[in-house]
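Peer 1: predicted model follows, preceded by the sequence.
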Amino acid sequence: MELTGAQIVVQSLKNEGVELVFGYPGGAALHIYDAFYSQEDVRHILVRHEQAAAHAADGYARATGKTGVVLVTSGPGVTNTVTGIATAYMDSIPMVVLTAQVPTSLIGDDAFQEVDTVGITRPCVKHNFLVKDVGSLAETIKKAFFIANSGRPGPVVVDIPKDVTAQTIRYSYPEDIRIRSYAPVRKAHAKQISRAATLLLKARRPIIYTGGGVVLSGAAKQLTALVEHLGHPCTNTLMGLGALASDHPRFLGMLGMHGTYEANMAMYECDVMLAVGARFDDRVTGDPKKFSPQATIIHIDIDPASIGKNVQVEVPIVGDAAVALKQLLEVLAQSSTTQDEESLSKWWDQIESWRSRDSLGYDSSDEVIKPQFVVQKLHEVTLGDAFVTSDVGQHQMWAAQYYGFNKPRRWINSGGLGTMGFGLPAAMGVQLAHPEAVVACVTGEASIIMCIQELSTCKQYDLPIKIVNLNNRYMGMVRQWQEFFYDRRYSHSYMDSLPDFVDLASSFGHTGIRVEKPGDVEGALRDAFAQKDRLFFLDFVTDQTENVYPMISAGAGHNEMVLKPLPDGSAPMERELA
Amino acid sequence: MRRILSLLVENEPGALSRIAGLFSARGYNIESLTVAPTDDDSLSRMTIVTHGSEQIIEQITKQLNKLIDVVRLMDLTEGRHIERELLLLKVAAQGAEREEIKRLVDIFRGRIIDVDGETYTIELTGPGDKLDAFLDAMPPADILEVVRSGVSGVARGERALRL
């Protein structure tokens, strides 16, 4: 069967089992859009800005584990997408981005809507392709999907010139693809697994520290089994939340810059650390020189380059988290080494005493709405079972700290790149992936504005997302740093002339409510989430002075946390640790 | 420490910029980089001379291996190897100096490959440090142009970088 390049694009997506494509048309993409017109197998979602197409595909991928697909036109279509591609790249999200390009005869001529897409995206993709010949189009798309969702996942760009989409050729989609330079290792080295098992069994002060890799590889079950088998404490990174249920007794909460006291202190004091699918990011480690000074580190990761990058590792294990953890469990089950129960029990006593400091405690108020309180109520109202997306800043940290995620893939945020504007379009992707699910976008008034145009997309596709806006009239995290480190010089962190969000939502055809009193929070949430068929914008006017605690300043160690000040204004932990 | 990395890479337009981009994006050093096709049309052979701590070199090799275009990689400096670089040097050579320069070229076993009334063009091959030594020995005022190819290398004996 002879097909045009444009038809091959659509047919290849069908062959890949793609259900949804997020995109925005334009000149160079018109042949492809024409091919979309006459079929119904692949659903196209029209966004309002290309950045949102990438975030929506990203949210879809995070919520499902499937590859998100984006289709945009050349030039500005591509440059608008770059933020979304970089966001997916930093968090290792599988995504295929199809970008139209000017005709091959015009490439390099500074043609209308031309950019060097392959060049501009190179540093933020797992791989990218320029298809110069219709004969290699189907195979290239096959390769793109294979690369995007194998090994350490990531975004792959396929740049397709307009003339290639017009040429015709006999179509066949490759069944299988082999790339000679690319063969990710899934199974871990047996000897390394045994070494890890022995270390874990002999540990006196162990900790299991896991990241987004556990979520991506679908290893939550194996992680939970491991934690229960060993009885070791476990902490998750921002990206790893939900891999171990937040209400699991072995869970210490999130670690890192805004992690709990018990998680960070346990990281600092541990003697054996098992890191799984985590990359020792600077927001997690603080100053690497002060990082877990007594720890023997075992690191499981599918990306060899992540091992030993920031922190020296004694037992490197390259492999897929789910596979490696299963291997580890098998070895542990057969091992004759017994654990040092006495040391372990002392370690737990120590951890419980750290935990009893209640580092996430905050002062409740009858006067002003505390943002933490809104997130806790959100958990109650949604029975802890919502998909929660967020933007970036204080609200993101509060959502991570207070929602309490009990399942993987429920917490969807831009961890690595920290992209404001991510939350709403990501929520669209999640809602489209799971039409019946409860989807909440926890955001702030500064972040939501960055992709607010997507309220229009939400209307077009009837997406019943609930927007939980923690509106403190400040870029809260910027304000917090200015308060702590810039002597309260609040340079450009206050936003004047904010819109009336309820009116704004209603102008897009949605409903909303402004909530100003703590007593109204729960009722407003219940009303909003009861409306299953429509988007609802909850604008919570929150305490402007609230800060995210605990906090480790950039460059400090895990044992140098700043906790919420005591009523006399002093910082309890600094005093205690001094 | 100085390292010589040999790579077989896909003979595709983006490969070179992907590798060069990796070095600049991550702040790694490139002392020299050479690339040319091989007997297999689909592959180019690249030699990169870099330096850094053991940890940096480990990261460089891991990050290079991660690139889809990199098919094989070998750190030549991990074993016995041969390193060669070509130098083309144009020098001012007049009067009594002509004989003096000729003698120096002979000592280093180089060749004078072009001559006119006022200049010599010299060809010299060897490891990088031999070329350095030759350039040091040449009076700076005489040097008109220095063209170095960058290092190429191959492992000694049976160790070979191939598919």
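Peer 2: That came through, no problem. Numbering: from 1, shown residues only, chains lettered A, B, ... in the order given.
Peer 1: what's around A:Val21, how many residues?
Peer 2: 23 (other C-beta atoms under 10 Å in any protein chain shown). From N, CA and C alone the C-beta is placed, and that goes for glycine too.
Peer 1: partners of it in the sheet?
Peer 2: Here A:Val21 shows beta-bridge partners A:His44, assigned using DSSP bridges.
Peer 1: SS state for A:Thr235?
Peer 2: Put simply, A:Thr235 is strand when judged by DSSP: H, G, I helix; E, B strand; the rest coil.
Peer 1: A:Cys458 and A:Met428, how far apart?
Peer 2: 6 Å (C-beta to C-beta, to the nearest Å).
Peer 1: just checking, A:Asn264 touches A:Val562?
Peer 2: No: judged on C-beta atoms under 8 Å, A:Asn264 makes no contact with A:Val562 at a distance of 11.2 Å.
Peer 1: A:Gln453 and A:His49 touch, don't they?
Peer 2: Yes: counting by C-beta under 8 Å, A:Gln453 touches A:His49, with 5.6 Å between them.
Peer 1: mind checking which of these two has more residues around it?
Peer 2: Between A:Gln453 and A:His49, A:His49 has the larger neighbour count (other C-beta under 10 Å), namely 21 against 16.
Peer 1: correct me, but that one touches A:Cys451?
Peer 2: Yes: taking C-beta under 8 Å as the definition, A:His49 is a contact partner of A:Cys451 at 6.8 Å.
Peer 1: what residues sit buried inside stretch A:38-52?
Peer 2: For stretch A:38-52, a neighbour-count test (16 or more other C-beta atoms under 10 Å in any protein chain shown) marks A:42, A:44-45, A:47-52 as buried.
Peer 1: end-to-end on it?
Peer 2: Start-to-end span of stretch A:38-52 (C-alpha to C-alpha, to the nearest Å) is 25 Å.
Peer 1: can you give the distance of that stretch from its chain's centre?
Peer 2: In terms of C-alpha atoms, centre = their mean, to the nearest Å, the centre of stretch A:38-52 is found 22 Å from the chain centre.
Peer 1: can you give the contact residues for that stretch?
Peer 2: A:10, A:13-14, A:18-24, A:36, A:53, A:56, A:70-72, A:76-78, A:80-81, A:83-84, A:421, A:424-425, A:428, A:432, A:451, A:453-454, A:456-457, A:460-461 (C-beta atoms under 8 Å, 6 or more residues apart in numbering or on different chains).
Peer 1: kindly write the ChimeraX command that selects the buried subset of those residues.
Peer 2: Filtering these down to the buried ones (16+ other C-beta under 10 Å) takes a single ChimeraX command:
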select /A:10,13,18,20,21,22,23,24,36,53,56,70,71,72,77,78,80,81,83,84,421,424,425,428,432,451,453,454,456,457
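Peer 1: inside helices: which ones of the contacts of stretch A:38-52?
Peer 2: Counting by DSSP state H, the contacts of stretch A:38-52 place A:10, A:13-14, A:36, A:53, A:56, A:76-78, A:80-81, A:83-84, A:424-425, A:428, A:432, A:456-457, A:460 in helices.
Peer 1: returning to that earlier point: list the residues that contact both of A:Cys458 and A:Met428?
Peer 2: Counting by C-beta under 8 Å, 6+ apart, the residues touching both A:Cys458 and A:Met428 are A:Ile465.
Peer 1: who are the packing partners of the helix or strand hosting A:Gln7?
Peer 2: Assigned by DSSP states H and E, A:Gln7 belongs to helix A:5-15. Packed against helix A:5-15 by the contact rule (3 or more C-beta pairs under 8 Å, 6 or more residues apart in numbering or on different chains; DSSP states H and E) you find helix A:30-37, helix A:137-148, helix A:162-166, strand A:168-170.
Peer 1: quick check: angle from that helix to helix A:137-148?
Peer 2: Per axes from the mean of the first three to the mean of the last three C-alpha atoms, to 10 degrees, the angle that helix A:5-15 makes with helix A:137-148 is 40 degrees.
Peer 1: what's the longest strand along chain B in contact with?
Peer 2: If you go by DSSP state E, chain B has its longest strand at strand B:81-92. Residues outside strand B:81-92 that contact it (C-beta under 8 Å, 6+ apart): B:4, B:32, B:76, B:101, B:110, B:118-128, B:131, B:134-135, B:138, B:141-156.
Peer 1: find the nearest non-adjacent residue to the most centrally placed residue in chain A, please.
Peer 2: The C-alpha lying nearest the average C-alpha coordinate of chain A belongs to A:Asn413 (C-alpha atoms, centre = their mean; 3.9 Å). Among residues not flanking A:Asn413 along the chain, A:Ser390 sits closest, at 4.4 Å (C-beta to C-beta, 6 or more residues apart in numbering or on different chains).
Peer 1: likewise for B:Ser44?
Peer 2: B:Ser44 sits nearest to B:Asn11 (C-beta to C-beta, 6+ apart), 4.7 Å away.
Peer 1: for chain A, what helix or strand is lowest in average pLDDT?
Peer 2: Evaluated with mean pLDDT, DSSP states H and E, the helix-and-strand set of chain A has its lowest mean pLDDT in helix A:572-577, which scores a mean of 46.
Peer 1: list the buried ones in the longest helix anywhere in chain B?
Peer 2: Counting residues, the longest helix found in chain B (DSSP H) is helix B:54-66. By 16+ other C-beta under 10 Å, the buried positions in helix B:54-66 come out as B:56-64, B:66.
Peer 1: count the neighbours of A:Met1 for me.
Peer 2: 7.
Peer 1: before we move on, what about A:Gly119?
Peer 2: Residues lying near A:Gly119 (other C-beta under 10 Å) number 14.
Peer 1: what about the closest residue to A:Gly211 other than its chain neighbours, distance to chain B?
Peer 2: Excluding its sequence neighbours, the residue lying closest to A:Gly211 (C-beta to C-beta, 6+ apart) is A:Ala278, at 2.9 Å. Here A:Ala278 is placed at a distance of 17 Å from chain B (C-beta to the nearest C-beta, to the nearest Å).
Peer 1: what residues does A:Ala148 make contact with?
Peer 2: Shown in contact with A:Ala148 (C-beta under 8 Å, 6+ apart): A:67, A:94-96, A:126, A:154-156.
Peer 1: revised request: answer the last question for A:Gln7.
Peer 2: A:Gln7 sits next to A:35, A:171 when contact means C-beta under 8 Å, 6+ apart.
Peer 1: please, where are all the strands along chain B?
Peer 2: Remark: strands assigned in chain B by DSSP E are B:2-10, B:32-37, B:43-51, B:70-75, B:81-92, B:111-115, B:119-126, B:143-148, B:152-155.
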